[in-house]
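Student: Fold the stuff below for me.
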Amino acid sequence: MSSVIATTRFSVLDRSRIRAGHSGPQALRDTVALAREAERLGYHRFWVSEHHAVPGVAGSAPTVLAAAVAAATTGIRVGTGGVMLPNHQPLVVAEQFGVLESLFPGRIDMGLGRSVGFTDAIRTALGRDKKDADDFAAQLAELLGYFDATRTAHPRVHARPAEGLTVPAFLLATGKGAQLAAEAGLPLVIANVRGEDAMLRAIDDYRDAFRPSAQSERPYVVVSGAVAVADTTDAAREILLPEAWSTTYSRTRGEFPPLSPADEIRPAAMTGRERTLFEEALRGQVHGTEEEVADALDKLLARSGADEFLVTTSTYDRAALLDSYRRLAGIAGLTGRPETAVAGRSAAETRS
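Tutor: Numbering: from 1, shown residues only. This next block holds a predicted model:
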């Protein structure tokens, strides 16, 4: 095991993807079961996401699902990746995380994003529009203010039971997320959706502009992405095909469908544009045998200087997914790893 991998935290984000022929409730139960397995394997934290009115995603209420995950586990950190703050009133978000932290003290993370609903119809149903994301910095300051017992966002409004509690906040690097994370002094969660070079530049800019805060004394970078590990390179690539096709479908038809089996996707006829989008969706994902994945992760972590890697793999074959997470835990030596050996702890996490 490389020294870089050995000193990097590994965590899991599960979006509660619905599999073809299965139901949304089953997807949510699968998420809770995966959280229990992630804890057993030694992953540091387990996050859930927020998607509204998406046919292939059951995870629409992340704080509710996070409560179920925390109740089903005992020690793993639990949080959101993330709550889309423009969709909500900051007071309500503070209250929800205050309840979570009160029920599961020292285990809750508040991952936040600035995206709004996926379509105009969804945004209308949420009572939001794209312009709401422009107020994200003010919404974030208001939200964080509700946790500060020495000052409140509104002098006559106190978020109960959030006020005075410590809930580590993380920002997703969508849009101006990296810049805002640096200005607010918060940990950054970033994926290489625009290519690794763009991701590395954004990380460098974040570190250069970072302002220490009560939340974090130094920059803290969480790189996120899919990782698939199997006996062979081809078998690992098969794990990634359902999500890649779902992404391609969404970009050509406007909605994410449930995940289909890889053996249905492989022989399917694709248009030239679909094939291009499909290959783009696979690009930058880490997959292969244990040796190949260890080498790829070692290089990525060394180049990025990431403190943590957030695994975001989704696929149709749940057995293959669980096996991949087990293999990755073995690569990283997670089981039984002492926390004190892991570099890169935010100030808030140190206190919790």
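
Student: So for the helix ranked longest in the chain, what gets flagged as buried?
Tutor: Ordering each helix of the chain by length in residues (DSSP state H) puts helix 233-253 first. Neighbour counts over helix 233-253 (16 or more other Cβ atoms under 10 Å) mark 235-250 as buried. Backbone N, C-alpha and C define where each C-beta goes, glycine included.

Student: just stretch 96-113 next, same as before
Tutor: 96-101, 104, 107-113.

Student: now could you export just the CA positions of stretch 10-21 as PDB?
Tutor: What follows is stretch 10-21, C-alpha atoms only, in PDB (Å, rounded to 0.1, in the frame of the first residue of the first chain):
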ATOM      1  CA  PHE A  10     -11.900   7.100   2.100                       C
ATOM      2  CA  SER A  11     -15.700   7.800   2.300                       C
ATOM      3  CA  VAL A  12     -18.900   6.900   0.400                       C
ATOM      4  CA  LEU A  13     -21.600   9.000  -1.200                       C
ATOM      5  CA  ASP A  14     -24.700   7.000  -2.300                       C
ATOM      6  CA  ARG A  15     -27.400   8.600  -4.400                       C
ATOM      7  CA  SER A  16     -30.000   5.900  -3.800                       C
ATOM      8  CA  ARG A  17     -30.100   5.100  -7.500                       C
ATOM      9  CA  ILE A  18     -33.100   3.000  -8.600                       C
ATOM     10  CA  ARG A  19     -32.400  -0.100 -10.500                       C
ATOM     11  CA  ALA A  20     -34.600  -1.200 -13.500                       C
ATOM     12  CA  GLY A  21     -37.300  -3.500 -12.200                       C
END
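
Student: let's have the chain start at 45 instead
Tutor: From this message on, residue numbering opens at 45, which makes the last subject stretch 54-65.

Student: just how off-centre is that stretch within its chain?
Tutor: The chain centroid and the centroid of stretch 54-65 are separated by 11 Å, computed with Cα atoms, centre = their mean, to the nearest Å.

Student: What of stretch 283-302?
Tutor: Averaging C-alpha positions (Cα atoms, centre = their mean) puts stretch 283-302 18 Å from its chain's average.

Student: hmm, who's touching that stretch?
Tutor: Applying Cβ atoms under 8 Å, 6 or more residues apart in numbering, the external contacts of stretch 283-302 come out as 61-66, 95, 98-101, 163, 270, 272, 274, 303-306, 309-310, 312, 314, 317-318, 321-322, 325-326, 329, 331, 357-361, 364-365, 368.

Student: Now the phi/psi pair for the residue most central in space within the chain, please.
Tutor: In the chain, the C-alpha nearest the mean C-alpha coordinate belongs to residue 125, at 3.9 Å (Cα atoms, centre = their mean). Note on residue 125: its backbone torsions stand at phi -140, psi 60 [degrees, to the nearest 10].

Student: got the contact list for it?
Tutor: By Cβ under 8 Å, 6+ apart, the neighbours of residue 125 are 57, 91, 92, 93, 155, 157, 214, 216, 233, 268, 354.

Student: What pairs with the helix or strand harbouring the first one, parallel or antiparallel?
Tutor: With elements delineated by DSSP states H and E, residue 57 resides in strand 53-58, which encompasses its position. Taking DSSP bridges as the criterion, strand 53-58 sits next to strand 89-92 (parallel), strand 352-355 (parallel) in its sheet.

Student: how far out from the middle of the chain is the first one?
Tutor: Right, the one you point to is strand 89-92. 7 Å.

Student: Could you tell me how far the longest helix of the chain lies from the centre of the chain?
Tutor: Helix 277-297 sits 18 Å away from the centroid of its parent chain (Cα atoms, centre = their mean).

Student: Likewise for stretch 259-266?
Tutor: For stretch 259-266, the distance to the chain centre is 16 Å (Cα atoms, centre = their mean).

Student: First-to-last residue distance for that stretch?
Tutor: Start-to-end span of stretch 259-266 (Cα to Cα, to the nearest Å) is 15 Å.

Student: Give me the buried positions along it.
Tutor: By neighbour count with 16+ other Cβ under 10 Å, stretch 259-266 contains the buried residues 259, 260, 263, 264, 265, 266.

Student: if I've got this straight, the first one is in a helix?
Tutor: Which is residue 259. No - using DSSP: H, G, I helix; E, B strand; the rest coil, the secondary structure at residue 259 is coil, not a helix.

Student: what about the strands in the stretch 45-194 of the chain?
Tutor: With DSSP state E, counting those that start in this stretch as the criterion, the stretch 45-194 of the chain has strands at 53-58, 89-92, 121-124, 127-128, 152-157.

Student: As JSON lines, these with mean pLDDT and distance to residue 349 would be great.
Tutor: Putting the strands of the stretch 45-194 of the chain into JSON lines (pLDDT from 0 to 100; distance: least, Cβ to Cβ, whole Å) gives the following:
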{"stretch": "strand 53-58", "mean pLDDT": "98", "distance to residue 349": "13"}
{"stretch": "strand 89-92", "mean pLDDT": "98", "distance to residue 349": "19"}
{"stretch": "strand 121-124", "mean pLDDT": "98", "distance to residue 349": "22"}
{"stretch": "strand 127-128", "mean pLDDT": "92", "distance to residue 349": "27"}
{"stretch": "strand 152-157", "mean pLDDT": "95", "distance to residue 349": "20"}
